[in-house]
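J.: After the sequence you'll find the predicted model.
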Amino acid sequence: MAETFQGAGEGHMGIGRLGAATLMLLVAGSAAAQEPAPMAGPPAGQDAIFWYPAPSRCTYFTPEAKAAFRFDDPGTWRFAFLVMRETKAENPVERGYVMVDGVLRELEKVRSGADGAQANVTVWRSAGEPRVNVNMTVRETGHTAEATELEGTMTLIRGGGRTEIAVEGNCIG
């Protein structure tokens with residue numbers, strides 16, 4: 001089936017295939033030439049999770065985000081990593097959540113235990129592609145009746161790259 005294009009000579013505004021292709025190249029070229037805006041916050045590939053209120057069992061912040069956190073200010077609820085637990089299951093399953101390149105990724109817990117330095121190491125992995133793994137290595141820094149305070153590192157592993165950031169947080173229950 002042949003396509004028919006109406007030209008400007010038939011009373012319609014038309015630019016034809018060549019004109020449309022040229023226009024698209026000009027738009028794409030000018031967008032590519034623009035400098036990206038500088039980003040503040042977590043390293044490239046690791047974004048903050050904005051979730052208010054966060055129904056999590058464990059919340060982890062970067063040290064800067066934790067210092068800025070105010071319970072009554074939803075704009076400060078910027079997490080590096082969240083752990084949630086099913087509440088209605090007989091054997092509750094925990095899931096981890098991390099934001100990578102603007103996409104919230106759900107992770108399953110692979111294993112957890114003490115390392116040689118007696119820090120708690122939990123390995124998380126995504127179920128889908130592209131594969132994302134997160135290693136949380138934390139130590140207890142305080143304990144109250146409601147929560148355990150923790151600090152350590154979060155290592156985000158994807159493809160051949162690794163990004164490690166300092167984290168501070170707490171777990172309840």
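T.: It's in. Numbering: from 1, shown residues only.

J.: give me the beta-bridge partners of the spatially most central residue of the chain?
T.: By CA atoms, centre = their mean, the chain has its centre lying nearest to residue 99, at 0.8 Å. When bridges are called by DSSP bridges, residue 99 pairs up with residue 47, residue 104.

J.: where's it relative to residue 145, distance?
T.: 31 Å (CB to CB, to the nearest Å). Every residue, glycine included, has its C-beta placed from N, CA and C.

J.: try residue 75
T.: For residue 75, the distance to residue 145 equals 29 Å [CB to CB].

J.: Residue 47 now?
T.: 33 Å.

J.: Likewise for residue 136?
T.: As judged by CB to CB, residue 136 and residue 145 stand 24 Å apart.

J.: more crowded one of the two?
T.: Neighbour count, other CB atoms under 10 Å: between residue 136 and residue 145, residue 136 has more, with 26 against 4.

J.: distance of the more buried one from residue 65?
T.: Taking CB to CB as the measure, residue 136 falls 16 Å from residue 65.

J.: next one: residue 143
T.: From residue 143 to residue 65 the distance is 22 Å (CB to CB).

J.: now swap in residue 74 and tell me
T.: For residue 74, the distance to residue 65 - CB to CB - is 13 Å.

J.: ok, those two, which is more surrounded?
T.: For residue 74 versus residue 65, the count of surrounding residues by other CB under 10 Å is larger for residue 65: 19 against 11.

J.: got a list of contacts for stretch 111-128?
T.: Stretch 111-128 is contacted from outside by 96, 98, 105-110, 131-140, 150, 152, using CB atoms under 8 Å, 6 or more residues apart in numbering.

J.: just checking, which of those belong to strands?
T.: Counting by DSSP state E, the part of those found in strands is 96, 98, 105-110, 133-140, 150, 152.

J.: Among the residues you listed, the buried ones, what's the ChimeraX command?
T.: Remark: buried members of the ones in strands among the contacts of stretch 111-128, expressed as a ChimeraX selection using 16 or more other CB atoms under 10 Å:
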select :96,98,105,107,133,134,135,136,137,138,150,152
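
J.: was I right about residue 138 contacting residue 155?
T.: No - counting by CB atoms under 8 Å, residue 138 does not reach residue 155; the two are 11.6 Å apart.

J.: Would you point out the helix or strand in this structure whose mean pLDDT is lowest?
T.: In the chain, the helix or strand scored least confidently by mean pLDDT, DSSP states H and E is helix 16-33, which has a mean of 35.

J.: tell me the contacts of residue 141?
T.: 149-151.

J.: From residue 156, how far out is it?
T.: Taking CB to CB as the measure, residue 141 falls 22 Å from residue 156.

J.: I am finished for the moment; much appreciated.
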